[in-house]
Structure formats: structure tokens, C-alpha cells
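Undergrad: could you work out the structure for the sequence below:
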Amino acid sequence: MAAMDGALATTDVEDRPVDLTEIGPLVVRSLDLDDCPAMQRLLGRCGTLRGATSVETIIRSLDWRPATASTVTLGTIDIRGEHLVGLGGIVGDPRIEGAARFGLVVDPAVRGHGVGRALLAELLRAAARVGYRSVRARTGDGNGAMQALARRAGFTLQRTVGDEPVLLTRPLTA
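TA: Just a heads-up that it's a prediction; the model follows:
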């Protein structure tokens, strides 16, 4: 992603290689507008009914205008096949000062192999670099995989009322 008057540049989120034994080498990197077709294909494979809040957050993280330097969009790329297998985004939460919301989706074909864990770890590092003090997300009751991933990453889970009744929260350290 090219720097745009203070927006996060590729050098701010360096490519991070990840080797997952079951599926091979991956890289987590910043995405840019040229990656939109790959993002659309991945979101199509994941389905839009499940994780609607994640998809909305990711779409909002794609707003790369200069005023939105606090947004980050990352992807996990399968190096051998050169296709997007994970997608995540961070946006500021306008209701809570210093807080960000995150969204995360992983290709169903590679779920359970560490792609989400690697992507979430990089999203948390990026959020801390931008200066957020906490990260939040909402997920549905039936999304046990996301809840387990969040617990392992240090998030607390809280029941709420609404379409996505589980609130995930985690403080960040700089």
C-alpha cells in the first residue's frame, strides 16, 4: 500500500512470513486497492451471513483516505498458490476513545491451521503501533472458533444483547 499523507504504509506493517506445516508457507502483509478482487473472492468463499460484523469492519478498514491513517487492512497470502486465505481489518471505534474494532475472516479450506492466529497476532501488533489502547469485536453465539481464538489471544468474552451477542475485548500494550 502506498503512503497517502500519513496513512499507514507497507513499511509500517512489514511482510511477516509464517510457515504452517499443514498448509505451507504464508505471508501476512498490508493490502491495497489492487488486492480488492482477491478480497472479494475470499469473502465469497467465506459467505457473508456468518460474521457480518467482521466483514463490515474489514470493509471500513479499506478506507485509505488521508484522514483515516488509523485504519489497517492485512491479508494472509498462500505463497505457493499466491491467493488470499485470510483477511483482517482494524478501524477506530467512535464510541470509545483509544479503542479499535477488528474484523477477521479465514478461508474455510484452511481454518484450524493457524491462519487466523497469525493474522490476529499481526492485527494486534498493528493496532498497538497505530496507538490504540484496546481492541474489540463482536461475534455470534455459534462462532465457537472465533471465541476460542480470541480467548487464546488474551481477549475477554462478555455476553450482550443483539445480533452478535458476544463482545470480545483486549487491552493493548505499546
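Undergrad: what about Val115, distance to Val105?
TA: Separation of Val115 from Val105 (CB to CB, to the nearest Å) stands at 10 Å. (Each C-beta comes from the backbone N, C-alpha and C, glycine too.)
Undergrad: hey, what's in contact with both of those two?
TA: Contact criterion CB atoms under 8 Å, 6 or more residues apart in numbering; residues shared by Val115 and Val105: Gly86.
Undergrad: between the two, which is the more surrounded one?
TA: For Val115 and Val105, the more surrounded residue by other CB atoms under 10 Å is Val105, and the numbers stand at 27 against 23.
Undergrad: what helix or strand is the more buried one located in?
TA: Under the criterion of DSSP states H and E, Val105 resides in strand 99-106.
Undergrad: and that strand, what does it pack against?
TA: Contact analysis of strand 99-106 by 3 or more CB pairs under 8 Å, 6 or more residues apart in numbering; DSSP states H and E lists helix 36-46, helix 52-61, strand 83-92, helix 115-130, strand 134-139 as its packing neighbours.
Undergrad: what angle sits between that strand and helix 36-46?
TA: 70 degrees (axes from the mean of the first three to the mean of the last three CA atoms, to 10 degrees).
Undergrad: quick one: mean pLDDT over strand 99-106.
TA: Averaging the model's pLDDT scores along strand 99-106 yields 88.
Undergrad: could you list the low-confidence segments of this protein?
TA: Along the chain, the parts satisfying pLDDT under 70 run over 1-24, 48-71, 79-81, 162-164, 174.
Undergrad: how about 90 then?
TA: 1-96, 100-116, 118-119, 122-123, 125-127, 129-131, 137-146, 158-167, 173-174 (pLDDT under 90).
Undergrad: what's the most buried one of the helices and strands packed on strand 99-106?
TA: Among these, strand 83-92 has the highest mean neighbour count (mean count of other CB atoms under 10 Å), at a mean of 24.
Undergrad: quick check: angle from it to strand 134-139?
TA: 120 degrees.
Undergrad: quick check: can you name the pairing partners of strand 83-92 and their directions?
TA: Strand pairing for strand 83-92, using DSSP bridges, gives strand 72-78 (antiparallel), strand 99-106 (antiparallel).
Undergrad: next, the angle from that strand to helix 115-130.
TA: Relative orientation of strand 83-92 versus helix 115-130 (the same axes, to 10 degrees): 40 degrees.
Undergrad: just the CA atoms of strand 83-92, as PDB, please.
TA: C-alpha atoms of strand 83-92 as PDB (Å, rounded to 0.1, in the frame of the first residue of the first chain):
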ATOM      1  CA  HIS A  83      -4.100 -16.500  -3.200                       C
ATOM      2  CA  LEU A  84      -5.600 -14.700  -0.200                       C
ATOM      3  CA  VAL A  85      -6.500 -17.200   2.600                       C
ATOM      4  CA  GLY A  86      -7.200 -14.700   5.500                       C
ATOM      5  CA  LEU A  87      -8.300 -11.100   5.700                       C
ATOM      6  CA  GLY A  88      -8.500  -8.800   8.700                       C
ATOM      7  CA  GLY A  89      -9.100  -5.100   9.400                       C
ATOM      8  CA  ILE A  90      -8.900  -2.600  12.200                       C
ATOM      9  CA  VAL A  91     -10.900   0.700  12.500                       C
ATOM     10  CA  GLY A  92     -11.300   3.100  15.300                       C
END
